[in-house]
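**Q** after the sequence you'll find the predicted model.
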Amino acid sequence: MLGKYQAVFRSRWRAVWWSLGIMLTAYCTIPSADEKSDGDDLAAVAKLVEEHSGKPHDQPKHTNPWALPKDPPQ
């Protein structure tokens, strides 16, 4: 495992290129502060959940699909 990383740091230029690759990866993966936050979307979803939560509307009682029937066929 260490052999791969030791080859990178044998030269200063290899180390510089390796570190630039790491920094470029971080730059490309972290969103900028100017982009719209997901907080607005989450607030809208939370509002919808609050509106639609409450008592269930005539939902049938859950039955276990693996349970044996109470009255077995004869």
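**A** Thanks, I have the structure now.

**Q** alpha carbons only for contacts and neighbour counts from here, please
**A** Will do.

**Q** in the chain, which spans are helices?
**A** 2-8, 12-29, 39-52 (DSSP state H).

**Q** mean pLDDT lowest for which of those helices?
**A** Comparing mean pLDDT across the helices of the chain, the weakest is helix 2-8, with a mean of 67.

**Q** what is the burial count for residue 9?
**A** 13 (other CA atoms under 10 Å).

**Q** can you offset everything so residue one is 431?
**A** That works, and once the first residue is 431, the last one we named lands at residue 439.

**Q** I'd assumed residue 445 was in contact with it.
**A** Yes. Judged on CA atoms under 8 Å, residue 439 makes contact with residue 445 at a distance of 5.1 Å.

**Q** about what we covered before: could you dump the helices of the chain into JSON lines with mean neighbour count and distance to residue 495 added?
**A** Supplementary listing: the helices of the chain in JSON lines, determined by neighbours: other CA atoms under 10 Å; distance: least, CA to CA, whole Å:
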{"stretch": "helix 432-438", "mean neighbour count": "10", "distance to residue 495": "53"}
{"stretch": "helix 442-459", "mean neighbour count": "12", "distance to residue 495": "45"}
{"stretch": "helix 469-482", "mean neighbour count": "11", "distance to residue 495": "27"}
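
**Q** now these in JSON lines, with distance to residue 491?
**A** Below are these laid out as JSON lines (distance: least, CA to CA, whole Å):
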{"stretch": "helix 432-438", "distance to residue 491": "59"}
{"stretch": "helix 442-459", "distance to residue 491": "46"}
{"stretch": "helix 469-482", "distance to residue 491": "19"}
